[in-house]
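In: Predicted model and sequence below, questions to follow.
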Amino acid sequence: MPTRLVECIPNFSEARRPEIIDQIQQVMCSVAGVHILDRHSDLDHNRTVITCIGSPEAVEEAAFQAIATAARLIDLNFHSGEHPRIGATDVVPFVPISEISMAECVEMARRLGKRVGHDLNIPVYLYEDAATRPERQNLENIRRGEYENLKLEIKTNSERLPDFGPAELGPAGATVIGARQPLVAYNVYLTTDDVDIAQRIAKALRNSSGGLHYVKAMGVLVEGRAQVSMNLTNYRQSPIGRVVEMIRREAQRYGVAIHHSELVGLIPQEALFDAATWYLQLDGFNIEQVLEQKLYEVQSASPQQITASQPPSFLDQLAAATATPGGGAAAAHAGAAGAALVTMVARLTVGKKKYAAVETQMYELAEKSEQLRSQLTAAIAEDSAAFEAVLAASRLPKNTPEDQAARLSELEKATQGAIAVPLRVCGLAVGVIELALQAASFGNVNAISDAASAAALGRAALTCAGLNVQINCATLQDRDTAGHAIQRVKELEDTANQLERALQATLRERANLDL
């Protein structure tokens with residue numbers, strides 16, 4: 001099965017104290033499933049870039065821990081360097097790599113931003129594909145004036161208010177979090193120490209000054225040499241070879257040349273292939289002509305890489321002649337499917353001009369529905385475990401009065417657990433119906449039937465889980481607890497009925513649909 005992979009490239013405002021970067025890297029590595037691919041520090045920029053990759057959940061957690069650690073160890077009041085910055089953790093981009101969409105990376109950025117703002121009290125700005133305003137798509141707009149200027153403006157200028165967190169900068173500054181496509185961070189050193197020449201070349205080069213599209217550039221002095229520092233945000237549209245040749249031509253105007261160049265972090269293989277093809281004039285080049293590519297394909301197709309058998313699916317387990325998983329687990333599964341459909345509707349809505357007014361609402365809807373999906377998915381196993389405990393208690397010995405008393409006590413405790421899980425599923429199922437109503441009311445009308453299906457699955461989950469509550473309550477000795485549980489199910493059913501009536505009205509109004 002393909003692996004879901006996200007790349008994250010946090011930039012930290014520190015390079016001259018490697019022991020601090022060691023601590024930040026260590027805390028990132030401590031998150032299971034996260035792998036560090038690269039670490040690049042520049043003393044003149046006083047900036048370090050760490051590239052990591054892993055599952056979305058692991059990478060998001062690693063990014064939070066890194067931001068928290070940097071906030072504790074880096075004080076922007078005592079920081080200086082050539083590179084613009086506004087925070088100890090200056091920028092945190094998420095990049096989709098495998099089996100994950102850009103929309104999901106945007107959701108990651110929003111979740112992380114909200115958590116950083118709330119838990120760490122750090123102002124957070126969203127940028128690139130996660131930006132909440134057009135002017136914030138461009139990172140340089142957010143970093144305008146750097147830490148020192150933002151420290152004043154964030155309190156007085158409404159345009160500088162953060163997306164999350166307080167309107168006040170502490171020693172850790174602010175953090176910019178977003179989602180974007182892969183970029184190439186690329187620096188070219190010139191045969192001069194005249195930084196003015198590098199700045200003029202950068203101005204001719206960058207898109208904002210009328211240069212090449214998808215090129216951001218600035219001129220700085222690094223290691224006693226003038227440097228053109230660049231971010232190539234779309235290497236397919238503005239290939240590296242074209243960028244280098246433009247720098248070479250511009251440098252000739254001032255009687256200087258390219259001394260050498262460097263990469264900051266990693267570069268996609270495709271970008272290097274494009275450069276090699278351009279310089280070698282291999283017009284008929286095909287990636288299949290690369291030896292390592294052919295070897296990779298052979299290894300990937302090797303029978304040794306194919307597992308002999310796959311574990312049974314949930315439906316296979318449900319169909320088996322075993323007591324678990326049963327109806328309670330099936331209820332949680334249905335609810336999780338409903339929550340997933342709500343997320344789908346939200347993701348089909350964001351990015352559409354017609355629904356720009358509700359985009360923020362849709363991101364929040366997706367976040368809530370994903371939380372519900374996670375809780376309901378966990379409840380599948382929890383329900384089975386709870387009923388297994390009932391079965392285990394029922395098998396306890398009952399040879400003596402003492403045995404019987406102990407058995408009844410354990411059976412009562414296990415039954416209460418078997419009631420608690422489906423009762424919680426009932427509440428979560430109503431949450432799914434409520435979110436489905438929001439999806440139907442404001443989401444993409446082309447997916448309104450999916451929103452209605454989400455509500456139907458939520459109702460199915462409520463019904464099935466409610467049956468499990470009632471059947472287990474029938475054997476519970478504590479009749480007060482049983483009565484409260486059954487009453488709670490009835491209350492949730494009444495709430496679901498109200499939500500479904502509202503959904504019917506919405507379906508008729510928005511899609512002339514009456515189910």
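Out: Alright, I've got the coordinates. Numbers count the residues shown, from 1 in each chain.
In: ok, now which ones touch Leu391?
Out: Ala323 (Cβ atoms under 8 Å, 6 or more residues apart in numbering). C-beta here means a position set from N, CA and C on the backbone, and glycine is covered the same way.
In: cool, Val184 as well?
Out: Asn231, Leu232, Tyr235, Ile240, Leu263, Ile267, Pro268, Ala271.
In: and if you look at Val290?
Out: With contacts defined as Cβ under 8 Å, 6+ apart, Val290 is in contact with Phe273.
In: On the pLDDT front, check the most centrally placed residue in the chain for me.
Out: With distances taken as Cα atoms, centre = their mean, the residue of the chain nearest its centroid is Met108 (2.3 Å). pLDDT, Met108: 96.
In: that older thread, now the two most distant members of the contacts of Val184.
Out: The largest separation in these, counting by Cβ to Cβ, is between Asn231 and Pro268 at 13.8 Å.
In: which of those two has more neighbours?
Out: Of the pair Asn231 and Pro268, Asn231 is the one with more neighbours under other Cβ atoms under 10 Å, namely 17 against 14.
In: does that one sit in a helix, a strand or a coil?
Out: Secondary structure assignment for Asn231 (DSSP: H, G, I helix; E, B strand; the rest coil): strand.
In: Among the contacts of Val184, which ones are in strands?
Out: The strands, defined by DSSP state E, take in Asn231, Leu232, Leu263 from these.
In: If the first one is in a bridge, with which residues?
Out: The bridge-partner assignment for Asn231, based on DSSP bridges, gives Ala185, Lys216.
In: list the contacts for it?
Out: Applying Cβ under 8 Å, 6+ apart, we find Asn231 in contact with Leu183, Val184, Ala185, Tyr186, Val215, Lys216, Ala217.
In: Run through the residues that contact the nearest residue in space to the second one that is not next to it in sequence.
Out: Nearest residue to Val184, sequence neighbours excluded (Cβ to Cβ, 6 or more residues apart in numbering): Leu232, at 4.2 Å. With contacts defined as Cβ under 8 Å, 6+ apart, Leu232 is in contact with Leu183, Val184, Ala185, Tyr186, Tyr214, Val215, Ser238, Ile240, Val243, Ala271.
In: Now the nearest residue to Ala109 once chain neighbours are set aside, what are its backbone angles?
Out: Of all residues not flanking Ala109 in the chain, Ala130 sits nearest, at 4.0 Å (Cβ to Cβ, 6+ apart). Main-chain torsions, Ala130, degrees, to the nearest 10: phi -90, psi 0.
In: doesn't Met102 make contact with Ala130?
Out: No - here Ala130 lies out of contact with Met102, judged by Cβ atoms under 8 Å, at a distance of 9.4 Å.
In: Need the overlap of contacts for those two.
Out: Ala179.
In: Compare the two (neighbour count), which wins?
Out: Ala130 (28 against 18).
In: what residues go with each domain of this protein?
Out: 5-179, 184-280, 320-511 (automatic domain parsing).
In: With distance to Leu291 as extra columns, can I get those in CSV?
Out: Converted to CSV, these look like this (distance: least, Cβ to Cβ, whole Å):
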stretch, distance to Leu291
domain 5-179, 23
domain 184-280, 13
domain 320-511, 40
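In: Secondary structure element for Ala68, which one?
Out: helix 56-73 (DSSP states H and E).
In: Buried residues, that helix. List them.
Out: For helix 56-73, the neighbour count (16 or more other Cβ atoms under 10 Å) marks 56, 58-71, 73 as buried.
In: picking up where we left off before, for the residue nearest to the centre of the chain, give its distance to Ile100.
Out: Distance of Met108 to Ile100, given as Cβ to Cβ, to the nearest Å: 9 Å.
In: Over to Tyr235?
Out: Distance of Tyr235 to Ile100, computed by Cβ to Cβ: 20 Å.
In: Show me which of these two is the more surrounded one.
Out: Comparing Tyr235 with Ile100 by neighbour count (other Cβ under 10 Å), the higher total belongs to Tyr235, at 25 against 18.
In: list the buried ones in stretch 115-127?
Out: Result for stretch 115-127 [16+ other Cβ under 10 Å]: buried residues Arg115, Val116, Gly117, Leu120, Ile122, Pro123, Val124, Tyr125, Leu126, Tyr127.
In: Equivalent analysis for stretch 468-483, please.
Out: Using 16+ other Cβ under 10 Å as the test for burial, stretch 468-483 gives Asn468, Val469, Asn472, Cys473, Leu476, Thr481, Ala482.
In: Now find how far off-centre that stretch is within its chain.
Out: Centroid displacement of stretch 468-483 relative to its chain, using Cα atoms, centre = their mean, to the nearest Å, is 41 Å.
In: Same question for stretch 176-184.
Out: Using Cα atoms, centre = their mean, the offset of stretch 176-184 from its chain centre is 12 Å.
In: ends of that stretch, how far apart?
Out: Start-to-end span of stretch 176-184 (Cα to Cα, to the nearest Å) is 19 Å.
In: Other residues contacting stretch 398-413?
Out: Val390, Ala393, Ser394, Leu396, Pro397, Leu476, Gln477, Asp478.
In: per-residue pLDDT, the fourth one?
Out: Reading off the per-residue confidence, Leu396 sits at a pLDDT of 92.
In: Check the last one too.
Out: At Asp478, the model reports a pLDDT of 91.
In: now Pro10: how far from Val59?
Out: When distance is defined by Cβ to Cβ, Pro10 is 10 Å away from Val59.
In: Show me the shaky parts of the protein.
Out: 1-2, 299-310, 513-515 (pLDDT under 70).
In: Stretch 340-355: how far from the chain's middle?
Out: 16 Å.
In: CA atoms only: put it into PDB for me.
Out: The C-alpha trace of stretch 340-355 is given here as PDB (Å, rounded to 0.1, in the frame of the first residue of the first chain):
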ATOM      1  CA  ALA A 340     -15.000  11.200   6.100                       C
ATOM      2  CA  LEU A 341     -17.800  12.300   3.700                       C
ATOM      3  CA  VAL A 342     -18.100  15.600   5.500                       C
ATOM      4  CA  THR A 343     -14.400  16.100   5.100                       C
ATOM      5  CA  MET A 344     -14.700  15.300   1.400                       C
ATOM      6  CA  VAL A 345     -17.400  17.900   0.900                       C
ATOM      7  CA  ALA A 346     -15.400  20.500   2.700                       C
ATOM      8  CA  ARG A 347     -12.300  19.800   0.600                       C
ATOM      9  CA  LEU A 348     -14.400  19.900  -2.600                       C
ATOM     10  CA  THR A 349     -15.500  23.400  -1.600                       C
ATOM     11  CA  VAL A 350     -12.200  25.100  -0.700                       C
ATOM     12  CA  GLY A 351     -10.400  26.700  -3.500                       C
ATOM     13  CA  LYS A 352     -13.500  27.400  -5.500                       C
ATOM     14  CA  LYS A 353     -14.100  31.100  -6.300                       C
ATOM     15  CA  LYS A 354     -17.900  30.600  -6.000                       C
ATOM     16  CA  TYR A 355     -17.400  29.500  -2.400                       C
END
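In: Let's see the distance spanning stretch 203-221 from one end to the other.
Out: End-to-end distance of stretch 203-221: 15 Å, with Cα to Cα as the criterion.
In: who touches that stretch?
Out: Outside of stretch 203-221, the residues within contact range by Cβ under 8 Å, 6+ apart are 44-45, 82-84, 138-140, 193, 195-202, 226-235, 237-238, 242-243, 246-247, 250.
In: now the closest residue to Gly33 other than its chain neighbours: how far from Thr48?
Out: Spatial nearest neighbour of Gly33, excluding adjacent residues (Cβ to Cβ, 6+ apart): Ala58 at 3.7 Å. According to Cβ to Cβ, Ala58 stands 21 Å off from Thr48.
In: what about the residue nearest to Leu37 when sequence neighbours are not counted, neighbour count?
Out: In space, Leu37 comes closest to Thr51 once its chain neighbours are excluded; the distance is 4.5 Å by Cβ to Cβ, 6+ apart. For Thr51, the neighbour count with other Cβ under 10 Å is 18.
In: Thr51 should be in a helix, yeah?
Out: No - secondary structure of Thr51 (three-state DSSP): strand, not part of a helix.
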